[in-house]
Each structure stands twice: as structure tokens, then as C-alpha cells.
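Engineer: Next come a sequence and a model predicted from it.
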Amino acid sequence: MYAAMLLHSAGKEVEETSIGNILNAAGISPDAVRVKALVAALAEVDIDEALKTPVLTAAAAPAAAAPAQEEEEKPKEEEKEEEEEDLQGLSALFG
């Protein structure tokens, strides 16, 4: 994908041989099937418009924060009980 973006920014056409040459120059052995699939997938894409379109990853952040809030809402008594159980387990190990 980065090779295709590099070619596009240089004003070159995104072709299988060009992408293969970039990957070879980087010391990477290109997988011909993946290169062909990438070129086919990008054939109908306007790369300039795709780069202007914002990526919507910010929506995932609040969902990940929700479990952390639930943990904070645990009663202090439950936390103390868990700590005591952990300590009892350690004493069983060391006699």
C-alpha cells in the first residue's frame, strides 16, 4: 500500500512492475499474487480523494473506555476481599 502511495505522490502509474521494483529496492521479496490484488483493488480508487477522506477511528476509543469505568465502580469492600484472598493464597504456597 505504501509503495502505491509513493508511486502516486511521484506522479507515476501504480503498476505491478513498479510496486515490485519498490519492494525489491527495500529488500522485500514481493508476493506476485498480493501485488496483483493490490493493483486490481486500486484500479477504481481515486487516491487523492481517498487521502482527503477522514478515517473514523475515534469512534472506537469511547467504546474501549467503557470497561475501565466499570472497574472503577467496584465497591472498595470487594477489592479488599480480593486482596485478602490473594494474600491467603501466597501464605499457602510458603507455609
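Structural biologist: Cool, got the structure.
Engineer: now what about the helix or strand harbouring L7, what contacts it?
Structural biologist: Here L7 sits within helix 2-9, counting by DSSP states H and E. Helix 2-9 has contacts (CB atoms under 8 Å, 6 or more residues apart in numbering) with 13-15, 18-19, 22-23, 38-39, 42, 47-48, 51. Placement of C-beta: from N, CA and C, glycine included.
Engineer: run the last query once more with 10 Å
Structural biologist: 12-15, 18-23, 25-26, 28, 30, 35, 38-39, 41-42, 45, 47-48, 50-51 (CB atoms under 10 Å, 6 or more residues apart in numbering).
Engineer: what's the domain layout of this protein?
Structural biologist: Following automatic domain parsing, the chain resolves into domains at 2-52, 60-94.
Engineer: can you tell me which of those the model trusts least?
Structural biologist: With a mean of 58, domain 60-94 has the lowest mean pLDDT of the domains of the chain.
Engineer: tell me which element S29 is part of?
Structural biologist: Assigning secondary structure by DSSP H and E places S29 outside every helix and strand.
Engineer: Look up how far A32 lies from the nearest residue to it once chain neighbours are set aside.
Structural biologist: Excluding the flanking residues, the one nearest S29 by CB to CB, 6 or more residues apart in numbering is L23, at 7.5 Å. Distance, L23 to A32, by CB to CB, to the nearest Å: 11 Å.
Engineer: Looking at these two, which has the bigger crowd around it?
Structural biologist: Between L23 and A32, counting by other CB atoms under 10 Å, L23 is the more crowded of the two (17 against 10).
Engineer: That one against D31, yeah?
Structural biologist: Yes: between L23 and D31 a contact is recorded at 9.0 Å, counting by CB atoms under 10 Å.
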